[in-house]
Structures are given as structure tokens and as C-alpha cells.
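**Student:** Fold the following for me, if possible:
(2 chains, ligands or ions: 2)
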Amino acid sequence: MIQVTDIHKTYHSGDTSVYALRGVSLDIDAGEFVAIAGPSGSGKSTLLNILGCLDHPDQGTVSVDGREMVQLDSRGRADYRRHNLGFVFQNFNLIPVLTAFENVAFSLNLLNIPEQEITDRTMAILREVGLEGMEHRRPSRLSGGQQQRVAIARALVKNPAIILADEPTANLDSETGQAILETMRTLNERHGTTFIFSTHDPMVMEFSRRLVRLQDGRVAGGAT
Amino acid sequence: MKLKQIVSLAGKNLLRHRRRTIITAGAVAVGLLMFILVDSLLTGIEEESNRNLIWFETGAAQVIHTGYLAERNDRPLKYAIDDAAEVEAELESAGLSATSRIVFSGELIVFKDPFPEDGSVMVTVYGIDPEDDDDVYHLPQTVSAGDFLEPGTNEALLGAWLAEDIGAEVGYPITIVTRTRQGFYQTIDLEVAGILNTPNPVINRTAVFMPEGVAADYLQMGGAATEISVASELGRTLPELTREMQQQIAGAPNLRVADWRTLAADAVAIAEAKESSSGIVLLLVFIIAAVGVSNTVLMSTLERTQELGMMRAIGMRDREVMTTLLVEAAGIGLLGGIIGIVLGAGGVALMVERGIDYGSLIRDTNVGYRVTQVIYGAWNLPTFGRALVVGVVISVVTAFVPVRRAVRMSVIDSLRRTS
Ligand SMILES: Nc1ncnc2c1ncn2[C@@H]1O[C@H](COP(=O)(O)OP(=O)(O)OP(=O)(O)O)[C@@H](O)[C@H]1O
Ligand SMILES: [Mg+2]
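**Tutor:** Ligands and ions are numbered 1, 2, ... in the order given. A predicted model of the protein is given here:
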């Protein structure tokens, strides 16, 4: 489903160049639950950003279902993300003025879906991630774990092909992180959504069905 | 994304920092308040000035000689209307209120005892018909000392400031030196019958009134008058009035009709002054709003960098993000506009009721305004609508730069920014 071929990415700041990715190739099938692991600075975020159409590789190609991503312009990439991708961030990134319900519904608002359907789907997904009864709370009245559940619901509610999560448990204690991962895996199994997440936490790696190791911008294991 | 949803999100974001929103809207409101007050005052001045012009100097419109207008500052008697009584009767037969006047320039000469000292001053003398001048003008109500003119007598009325300047009182003798219609020097001796304190400074400063018939004799007018003034009619617009007058003088090729605007060229200058001073106030509003709104929008985009990055990451188009932020700015402008209108309505009500007393100020300045002592504001409702539009438009326009800046940053950079 996703084919990453020989991706290179270099960051330039002043005179120094940082080689974030140096020839990464990777195949991921639909419905996989993949962890991308590696030490800090190994290029995990860079890879996820490229997979998420947020960044361009300097070299190499990314194709999803045979469609070449690298060629899309910024509007095309925004539209692609809107319809096909879900994002979960390390620091949850909810909109503080919106309730849990409204944060989740925001994803669907972007898709111009009828209001009743938005309500139904939002309520259903919130129940699924275990937030029934908290729909009307603002993020400030939710714990970190609950906020990340809202974020997962926001990513999942539009039934995307892929959910990308950059260190989704890094801001949570290990117990909560584990619960979040369990939820993600349940959703992965139930909906068949592809999950790709990064981590450098060994506990998290154990949860994955497949582990891709990055080292200094190269794949050190698990590429196929 | 639907507009309704964008507006709702923008509204919630404005409520996020209530105090900041209100302070910024307050800045916009103060600017718009000034705009409304200045406009009200200028409209009030203009309205009163026009009224005082019409009531004391020109009437609504006049029949004059075709050559008169170009040289009217010299008050030339050679361009007089022959058979003035006939023309006046014709206008009146059409149901119009009309009165003739002989207006001329002269030198007013006074001597020590009873006056405090000898002196002379240039004046404008109005020969008026004491019996029906008030069909058009409003002089009798303004007599502040003595009595109004009796027909056929050598009596004079003086403008109040003129009387004060030369030290005239009722009963004092004065002399006017002028030229007759044929150009010969003529001396007219009159007695001060009354003092007029009008709301029109030009009249107060330079006018002498005397009976028209007496003036006609001295100036050898032979039945001619310099102007026939017509009063405005309820339910008849100025163009309708002048058209009617035109029809009545159609048979006299050397006569024409001029409305008060044409007659008072300095009134036009006032309208221009009004335009430019509202322009200056608008510029001020613009600067206040530009600084206040753009700063607030900049702050709110900076502190929300990560949030905006997230929204763009999950597929919100840059256009939609910008629209949301611009709607927020519009909301500030709208709030400011509403506050400004409410305050403005209160301020205008005060100025319409109480007015502003600056009589002593205008007396020594020779401006074109026919206004004395107290100036009142006027209600000018379109200005309130304009203020609202200006508030919103200025807010949106000045927000544009920080808003565009917010979506120019790459999504990744926005997301990485820690708040
Ligand atoms: N915008 C940038 N400008 C300059 N250098 C960057 C930028 N983004 C990433 N880098 C560098 O690229 C390399 C890879 O960064 P990346 O964020 O992908 O690593 P990571 O594996 O996600 O690390 P971490 O576990 O700390 O999140 C690092 O050396 C980082 O300093
Ligand atoms: Mg990272």
C-alpha cells in the first residue's frame, strides 16, 4: 500500500547540514500496526512528516496505492491529508476553545458532511475510545490520557486509510500510554486502519506488530 | 468548511481572551466615536449655517439680474431688477412668499457725541420692506433693543456686533455714504431704531437695515430692487421651487433665478472643509485600528502557532485558516463598531440637546460659517452605518498582514513551535 523508495532529506541551517534521512526504503501494507523506533535524532519525525505529506523529501518517492505523493502541490497535499490521513501528536494538539465533541467533529466539518451524520459518527467514536459522558468537556478539564483519546478519535472519525502518530505516548505516564496503545491496537483491528507511530520507548515497541528501526537516517531493521 | 462553522470557531476564539478582545474593540470604538461626533458636529454646523443663511441673507432662492451674480460682492446697483413690484406680484400670484430688497454697500459714518468717538466702517445696507420682509426672513424676532423699522421713516437697524464696535445705541444718528444707481455720491442720514442680535455673524458684524422705500428714493432706483427673495415652501424641494420661479420670470430675459447655494459661494467651501476634516478623523481611526487590531491579531496567531499548524496538518486549507482569522478580526471590528455606535448615539444626543458654546471664539474669526455662540450636533444616520462598515473593513484589512504571515510558515515549523 505504502511504498517508500530511497528517501533522502537534509536540513540546512547556516553552514551546517544535517542528514536526517539518507536513503530510507520501506513497504507498509494496509491494516498494519507499525512502530518506527530509534534513538533521538534518528529521523523518525522526519520520516513521518514525509509520509504525512507535510514535508518533501529531497530525493526518493513515496507512493500510496500507486499514487505518487511527492508531486502534489500544497493544496493537493492539504486535500489529501483531509480525506485520507489522521494525525495524532505527541502533545495532543486539541483546540482549547472547543469541547471534546467539537474537537472530534472538526475533522468532519472539513469534509462538509451533513450535520446529523457528524453528530452520530462523533458520538460513536467517542464512545469507542471510552469518553462517553465527557463529550462536552473542554481539553483543560480532561487528563492527558483523555486528551490523547480525543485526538485519536479526531484522527479516526473520518475513516482515514492511515493514521500517523509521532510519539503519541511520550507525554503520558507509562500506564496511561499503555492504555492508549491498547486502544489504538483495538481500533486498528476493528477498523483495519493502518497505524504508523514513532517511539523510542521499549515498552511501546513491544506493542507493535511490526518494528522498523531507524539509525542515523537509515533503516536498521524491519524494512520489509 | 462551512461559513457557519468558521464563524462559530472565530467567535469562540474571540471569547478566549475576552479582555484583549474588548480592549481592542474599545480602541476601534473610540476612533469611530470620534468619527461620529465630528460628523455630527459638522453636520449640525452645516445645517445651522445653511438655515441662518436662508433666514437672514438669501432666502431659499432669489430672482436677480443676470449680471448680478458675477459681481455680487460689490453689490452693484446697475444690475437691479426694474419693475420689482411687478415681478414680486407675479411670484406671489403663483402662491410663493416673496419680498424685494435693495442691497448696497456704503460707508457708515459716526461722530463723537453721542458716539464715543468719530469713525467710519464699511457696511452692507439692506433696504427691506418692513411690512412683508418677514414673509421670507426672520428679522423681527431678533430685535434685542429698540423696535423694528417703520415704513417710510429714516430709521435704521444695526447688527449687534457692529453696534457694539462703534458704540451705537437706540436713538443715535448715523450717516451712510454711498452712490446712487447712476453713480452719484449720496448721503443718507438715519436714526438707530433698534439693534438686531441674529444667529448669523455676517449680519451681526456688517449689516444695516433701513426701509426699502426710503432707500429707493435716496438711490433713485425708479422702482427697481436688487433682489426678490422667495421663502422655502413646506413640501416643495429647492429644485421644484426654482423651477416654479423660473416659469414666473420666463418673459424677462435679463432676469434669472439663483438658489441659496449659488448665492453663498462660501457655503460650498464649508462643505469641502467638512469632507476633509472627516477624512482626517477617518485616517486617525484607521491608524488606531491598524495598530490595535493588527497587534491583537498578531498576538493571537503567534500564541496559536501550533494549533494553526495542527489545523492545517489535518487538512484545513490555508484559505480556510485565513478566513477564520479574518472573521475574528471582523468580529473585533463589529464589536468596536457597535460600541462606537452606542457611545456615538449618546454623544450625538448630548450635542443635539446641549450644544457646545463657543460664541466668543467665532466672533473674532472671519469664517464662512453663519453660526454664533452655541453650535449643536445633528443626527446623521448614514454616518452610523458608515461607522460600522468602516470598523469592520479597517479591522479586516489591517489583520491581513499578520494573518497571511501565519499561513506562510510551513506546517511542520508551526507544529514544532512550542507555545
Ligand atoms: N527543521 C529542522 N531544521 C534543522 N534540523 C532539523 C530539522 N528537523 C529535524 N532536524 C534534524 O534532523 C535530524 C532528525 O530529526 P528528527 O526530528 O526526524 O529525529 P527524531 O528521530 O524524530 O528525534 P526525536 O526522537 O528527538 O524526536 C535531527 O538531527 C534533527 O536535529
Ligand atoms: Mg521526533
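**Student:** Local confidence estimate at residue 35?
**Tutor:** Reading this off chain A. With respect to pLDDT, A:A35 has a value of 94.
**Student:** Actually, chain B is the one I wanted.
**Tutor:** At B:F35, pLDDT is 88.
**Student:** From ligand 1, how far off is it?
**Tutor:** Going from B:F35 to ligand 1 by C-beta to the nearest ligand atom, to the nearest Å gives 47 Å. Yep, even glycine has a C-beta here, placed from its N, CA and C like the rest.
**Student:** quick one, what contacts that residue?
**Tutor:** B:S278, B:V281, B:L282, B:V285, B:G340, B:G344, B:T383, B:A387, B:V390 (C-beta atoms under 8 Å, 6 or more residues apart in numbering or on different chains).
**Student:** residues in contact with the closest residue in space to A:R138 that isn't next to it in sequence?
**Tutor:** Spatial nearest neighbour of A:R138, excluding adjacent residues (C-beta to C-beta, 6 or more residues apart in numbering or on different chains): A:T99 at 5.8 Å. Contacts for A:T99 (C-beta under 8 Å, 6+ apart) come out as A:E135, A:H136, A:R137, A:R138.
**Student:** which one of those sits closest to chain B?
**Tutor:** Set against chain B, the nearest of these by C-beta to the nearest C-beta is A:R138 (10.1 Å).
**Student:** ok, so what distance separates B:I332 from B:A27?
**Tutor:** Using C-beta to C-beta, to the nearest Å, B:I332 is found at 9 Å from B:A27.
**Student:** can you dump the C-alpha coordinates of stretch B:397-405 into PDB?
**Tutor:** Extracted in PDB, the C-alpha atoms of stretch B:397-405 (Å, rounded to 0.1, in the frame of the first residue of the first chain):
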ATOM      1  CA  VAL B 397      -7.700  45.000   6.100                       C
ATOM      2  CA  THR B 398      -5.200  45.600   8.900                       C
ATOM      3  CA  ALA B 399      -5.400  42.000  10.100                       C
ATOM      4  CA  PHE B 400      -4.500  40.700   6.600                       C
ATOM      5  CA  VAL B 401      -0.700  41.100   7.100                       C
ATOM      6  CA  PRO B 402      -0.300  39.100  10.300                       C
ATOM      7  CA  VAL B 403      -2.900  36.500   9.100                       C
ATOM      8  CA  ARG B 404      -1.000  35.900   5.900                       C
ATOM      9  CA  ARG B 405       2.200  35.600   7.900                       C
END
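**Student:** and the longest helix for chain A?
**Tutor:** helix A:174-191 (DSSP state H).
**Student:** who's in contact with that one?
**Tutor:** A:31, A:33, A:128-130, A:143-145, A:148-149, A:152, A:156, A:159, A:163, A:165, A:168-169, A:172, A:193-195, A:197, A:201, A:203-204, A:207.
**Student:** what's the answer for stretch B:115-125, then?
**Tutor:** B:75, B:103-112, B:162, B:165-168, B:172, B:176, B:178, B:206-210, B:215.
**Student:** Just the buried residues of stretch A:94-102, please?
**Tutor:** A:L94, A:I95, A:V97, A:L98, A:T99, A:A100, A:F101, A:E102 (16 or more other C-beta atoms under 10 Å in any protein chain shown).
**Student:** Tell me if the fourth one really is in a strand.
**Tutor:** No: counting by DSSP: H, G, I helix; E, B strand; the rest coil, A:L98 is not found in a strand; it is coil.
**Student:** show me the residues around it that make contact.
**Tutor:** Applying C-beta under 8 Å, 6+ apart, the residues near A:L98 are A:F106, A:R138, B:L9, B:K12.
**Student:** among those, which ones are buried?
**Tutor:** Looks like these have A:F106, B:L9, B:K12 buried, using 16+ other C-beta under 10 Å.
**Student:** any idea how far the first one is from A:P39?
**Tutor:** Noted for A:F106: a distance of 34 Å to A:P39, by C-beta to C-beta.
**Student:** cool, and the last one?
**Tutor:** To A:P39, B:K12 is 41 Å away according to C-beta to C-beta.
**Student:** on that earlier part again, ranking the contacts of A:T99 by neighbours, who comes first?
**Tutor:** A:E135 (18 neighbours; other C-beta atoms under 10 Å in any protein chain shown).
**Student:** and it, which of the three is it?
**Tutor:** coil.
**Student:** and it, what are its phi and psi?
**Tutor:** As for A:E135, its main-chain torsions (degrees, to the nearest 10) stand at phi -60, psi -30.
**Student:** Not counting its neighbours along the chain, what's nearest it?
**Tutor:** A:F101 (4.0 Å).
**Student:** about what we covered before: quick one: which of the contacts of A:L98 sit in helices?
**Tutor:** Reading helices off the contacts of A:L98 with DSSP H, I get A:F106, B:L9, B:K12.
**Student:** Quick check, central residue of the chain?
**Tutor:** I'll assume chain A. A:L164 (1.6 Å; C-alpha atoms, centre = their mean).
**Student:** could you do chain B instead?
**Tutor:** Note: chain B centre (C-alpha atoms, centre = their mean) maps to B:E46, 1.3 Å.
**Student:** Can you check the pLDDT for that one?
**Tutor:** Reported pLDDT for B:E46: 82.
**Student:** can you check B:M299 too?
**Tutor:** 92.
**Student:** Contacts only, for residue 29.
**Tutor:** You didn't say which chain, so I picked chain A. Taking C-beta under 8 Å, 6+ apart, one finds A:M1, A:T194 in contact with A:D29.
**Student:** Switch to chain B, please.
**Tutor:** Applying C-beta under 8 Å, 6+ apart, the residues contacting B:A29 are B:L335, B:G336, B:G337, B:I339, B:G340, B:L343, B:G391.
**Student:** Which helix or strand contains it?
**Tutor:** Assessed by DSSP states H and E, B:A29 sits inside helix B:18-53.
**Student:** Show residues contacting the very next helix or strand once past that helix.
**Tutor:** Reading on from helix B:18-53 to the C-terminus, the next helix or strand found by DSSP H and E is strand B:61-65. Applying C-beta under 8 Å, 6+ apart, the set of residues contacting strand B:61-65 from outside is B:72, B:79-81, B:87, B:91, B:226-230, B:238, B:241-242, B:245, B:249, B:254-260, B:263.
**Student:** Parallel or antiparallel, list what pairs with strand B:61-65.
**Tutor:** Within its sheet, and counting by DSSP bridges, strand B:61-65 is paired with strand B:227-230 (antiparallel), strand B:255-259 (antiparallel).
**Student:** any residue of the helix or strand bottoming out on mean pLDDT in chain A up close to ligand 1?
**Tutor:** Lowest on mean pLDDT, DSSP states H and E among the helices and strands of chain A sits helix A:202-207, with a mean of 82. No: on the criterion C-beta under 6 Å from any ligand atom, helix A:202-207 is out of touch with ligand 1, staying 12.3 Å away.
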